[in-house]
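>>> just to be clear, the model below is a prediction. Sequence and coordinates:
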2 protein chains.
Amino acid sequence: MTQAIPTRLAWIAVDWGSSNLRAWALAGDGEVLAEAEAARGMLGLAPADYEPALLATIGDWLPAEGRVTVLVCGMAGARQGWREASYRSVPTALDALAEGAVRPATEDPRLDVRLLPGLCQGADAGGFDVMRGEETQLAGLAALESGVSGPVCLPGTHAKWATLEDGRVQGFHTYMTGELYRLLAERSVLAHSLGEDDLEDPACREAFTAAVAEAVDAPEAFTQRLFGLRAMDLLDDALPSGEARGAVLAARLSGLAIGLELAGACRDLDAGQTVRLIGGEALCRRYALALSAQGHASEIIANQRAVLAGLGLAHAALDPADND
Amino acid sequence: MTQAIPTRLAWIAVDWGSSNLRAWALAGDGEVLAEAEAARGMLGLAPADYEPALLATIGDWLPAEGRVTVLVCGMAGARQGWREASYRSVPTALDALAEGAVRPATEDPRLDVRLLPGLCQGADAGGFDVMRGEETQLAGLAALESGVSGPVCLPGTHAKWATLEDGRVQGFHTYMTGELYRLLAERSVLAHSLGEDDLEDPACREAFTAAVAEAVDAPEAFTQRLFGLRAMDLLDDALPSGEARGAVLAARLSGLAIGLELAGACRDLDAGQTVRLIGGEALCRRYALALSAQGHASEIIANQRAVLAGLGLAHAALDPADND
């Protein structure tokens, strides 16, 4: 944070999620001048809290005079957020997100805030589904790779699988994998048996890929295999003891949860088709391992790179005067 | 509770679970003279707490002199319980449970306590699995219906499916259905969308059976359909509003969870084969509806009837002097 930022600042990019917000100060050439993060997510904010939370995070970046565009993706645009930016229906072009942006009322004259919309899918278009935030990462992929086509997976609490065609989202599906894993690992009877896994460890790696294969082959046995983890802990003499035991069982649970997702999501892929993964590195590498065990190559695009490219694409398309 | 109980008392039956215990005072002819319940389950008790908890519940039933057999099934015999009664391996005859009973040390000279074992299954015999308590209900079924064969389901937190053959358990599988439903309904993002369902209501009933069919047909889409409940709540104009909305969505979640279980458990059943259900009435009727939608008849045996018959069978086989 130096005096140089206000001078060179062209606009501010914000990814505002359920639990926190991340912001980047950008120069006209796209250079990141500064970044900031705060634990002020949608779940803890009333509409009136957003402007103060934003100013507390990026206020230092603003010049004394003039107006700066702050372009926001994510849950700030949800109905329970700052102001609702209505979902756009798929199929839709990814360079058209800016058309659905809305301006929340702000008091500080230096702020020109725009909230980007999420995407929704109707029953007839592939089944009811919604995303908010991930569409901007998909737009980033379309900006980085013009005319991109193929399956894209964004792993996480609610993992998204989108089908792109020439830079458009044709459809998408959400799998509740991350939330399911966390509930089972922390709050079910399995919590007593599980530790922290480490996929660099060969025993964890093997337990993980074996569980992926089992879940893909027999998704109908999923909850049976869940309880099987508890029974293994009680009965299986081949399991290691101590911390290694909890690690192997956690790797197995992770494999079952991700495997159940792949059973559904990879069903209509061509054999060997490459899947693009957008997300945090550790989780994307876990998915890449699972996909590879199922014969699919993958290509990882880092979270921040995708979201900045997506916000950049939308920023370039914003009408300075428009958006009510 | 009258003076008549100690006079006519022949033995005491106890079903001691994770969260509570239920006890019955029985006459020699099997008549239930009294029953009692207490919220003193295995999860809240150290080994030294069991005898006081038992006496607080059934102490009034004991005669001033003499010794009474108290036959206990369930978690009191677990490793973390009063004293471990080691699992018996399947396949096993259901009238042989008494052979595995153990006597915990007691101080009150009027008590002759026996803890019945659970059942376990090894990797080669169908996959690691355990039960403790349900084996006594299965024994009850075998006592009520000599030479019973066929599939038996005991719905619940950890639903058990056992295959019986001429009064023996050939194998069994546990599905974590009840626990999964509760975690999703109470602690996931879906909690905001769900209410209480009522399967007497036609809309709930239809949502439930449709969800069962979807989960049976496409178990690989399970976690996708979970998130779909959230998306439906946001987008589906055909849903009712108010309380009816939460009720329909809860019925749908219940149908998805039970349907995923049936996808696995009914896979190897013959078309139209009858499934015996042992458990609480409301939950058994829910399963009967799901099974019926899948073309399976069912027959419900009430919890208490099964457990008392099973404890009675084991009691008749107890060696008064034996069991260490």
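Great, that's in hand. Numbering: from 1, shown residues only, chains lettered A, B, ... in the order given.
>>> now the helix or strand A:Glu214 falls within: buried residues?
Taking DSSP states H and E as the criterion, the element that holds A:Glu214 is helix A:202-217. For helix A:202-217, the neighbour count (16 or more other CB atoms under 10 Å in any protein chain shown) marks A:203-205, A:207-216 as buried. (Glycine included, C-beta is placed from N, CA and C.)
>>> following that helix, which helix or strand comes up?
As assigned by DSSP H and E, the chain's next helix or strand after helix A:202-217 is helix A:222-235.
>>> can you show me the CA trace of that next one as CSV?
Extracted in CSV, the C-alpha atoms of helix A:222-235 (Å, rounded to 0.1, in the frame of the first residue of the first chain):
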residue,chain,number,x,y,z
PHE,A,222,-22.5,-45.0,-1.5
THR,A,223,-24.1,-44.8,1.9
GLN,A,224,-23.3,-48.5,2.6
ARG,A,225,-19.6,-47.7,1.9
LEU,A,226,-19.9,-44.7,4.3
PHE,A,227,-20.9,-46.9,7.1
GLY,A,228,-18.3,-49.4,5.9
LEU,A,229,-15.6,-46.8,7.0
ARG,A,230,-16.8,-47.2,10.6
ALA,A,231,-16.9,-51.0,10.3
MET,A,232,-13.4,-51.0,8.8
ASP,A,233,-12.1,-49.0,11.7
LEU,A,234,-13.6,-51.6,14.1
LEU,A,235,-12.6,-54.7,12.2
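>>> how far out from the middle of the chain is it?
Its chain's average C-alpha position is 30 Å from that of helix A:222-235, according to CA atoms, centre = their mean, to the nearest Å.
>>> which of the residues in the helix ranked longest in chain A are buried?
Selection of the longest helix in chain A by residue count, based on DSSP state H, yields helix A:242-265. Taking 16+ other CB under 10 Å as the basis for neighbour counts, the residues of helix A:242-265 that come out buried are A:245-265.
>>> for stretch A:153-169, same thing?
Judged by neighbour count (16+ other CB under 10 Å), stretch A:153-169 contains these buried residues: A:153-164, A:167-169.
>>> and these, which two are the farthest apart?
Based on CB to CB, the longest span within the buried residues of stretch A:153-169 runs between A:Thr157 and A:Gly167 and measures 26.6 Å.
>>> helices and strands around the longest helix of chain A, which ones?
Based on contacts counted as 3 or more CB pairs under 8 Å, 6 or more residues apart in numbering or on different chains; DSSP states H and E, the elements that helix A:242-265 packs against are strand A:168-175, helix A:177-187, helix A:202-217, helix A:222-235, helix A:281-293, helix B:222-235.
>>> surely A:Ala302 touches A:Leu283?
No: the pair formed by A:Ala302 and A:Leu283 falls short of the contact definition of CB atoms under 8 Å, at 11.5 Å.
>>> of the two, give the one with the bigger neighbour count.
Looking at A:Ala302 and A:Leu283 with other CB atoms under 10 Å in any protein chain shown, you find the greater number of neighbours at A:Leu283, namely 19 against 14.
>>> please name the nearest non-neighbouring residue to that one.
The spatially closest residue to A:Leu283, leaving aside those adjacent along the chain, is A:Pro155, at 4.8 Å (CB to CB, 6 or more residues apart in numbering or on different chains).
>>> now the helices and strands packed on helix A:242-265 as a markdown table including distance to B:Arg103 and mean pLDDT?
Compiled in a markdown table, the helices and strands packed on helix A:242-265 are given as follows (distance: least, CB to CB, whole Å; pLDDT from 0 to 100):
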| stretch | distance to B:Arg103 | mean pLDDT |
| --- | --- | --- |
| strand A:168-175 | 51 | 98 |
| helix A:177-187 | 36 | 97 |
| helix A:202-217 | 39 | 98 |
| helix A:222-235 | 23 | 97 |
| helix A:281-293 | 49 | 97 |
| helix B:222-235 | 45 | 97 |
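>>> and of those, who's closest to B:Ala34?
If we rank these by CB to CB, the stretch that ends up nearest is helix A:222-235, at 35.4 Å.
>>> for chain A, which spans come out with low pLDDT?
Screening chain A residue by residue with the criterion pLDDT under 70, one finds the ranges A:1-3, A:321-324.
>>> A:Tyr175 contacts B:Gly228, correct?
No: when contacts are counted by CB under 8 Å, A:Tyr175 is not listed as touching B:Gly228 (10.1 Å).
>>> those two: which is more packed in?
Neighbour tally, A:Tyr175 and B:Gly228, criterion other CB under 10 Å: the higher count belongs to A:Tyr175, 29 against 24.
>>> any idea how far that one lies from chain B?
When distances are taken as CB to the nearest CB, to the nearest Å, A:Tyr175 and chain B turn out to be 4 Å apart.
>>> list the contacts for that residue?
With contacts taken as CB atoms under 8 Å, 6 or more residues apart in numbering or on different chains, A:Tyr175 has the following neighbours: A:His158, A:Ala159, A:Lys160, A:Trp161, A:Leu260, A:Glu261, A:Gly264, A:Ala265, B:Thr223, B:Gln224, B:Phe227.
>>> for the first one, phi and psi?
Main-chain dihedrals, A:His158, degrees, to the nearest 10: phi -120, psi 90.
>>> do you know how far it is from B:Leu235?
Look at A:His158 and B:Leu235: by CB to CB, to the nearest Å, they are 15 Å apart.
>>> with the second one instead?
Applying CB to CB, one obtains 19 Å for the distance of A:Ala159 from B:Leu235.
>>> helices of the stretch 51-200 of chain A, start to end?
Taking DSSP state H, counting those that start in this stretch, the helices of the stretch 51-200 of chain A run over residues A:134-144, A:177-187.
>>> so which of the ones you listed is the most surrounded?
Between the helices of the stretch 51-200 of chain A, the one whose residues have the most neighbours on average, counting mean count of other CB atoms under 10 Å in any protein chain shown, is helix A:134-144 (a mean of 26).
>>> hmm, it in reach of chain B?
No: between helix A:134-144 and chain B, judged by CB under 8 Å from any CB of the partner chain, nothing touches; the nearest distance is 12.6 Å.
>>> which elements pack onto that helix?
In terms of contacts (3+ CB pairs under 8 Å, 6+ apart), helix A:134-144 is packed against strand A:68-74, strand A:150-154, strand A:159-165, strand A:275-279, strand A:298-302, helix A:303-317.
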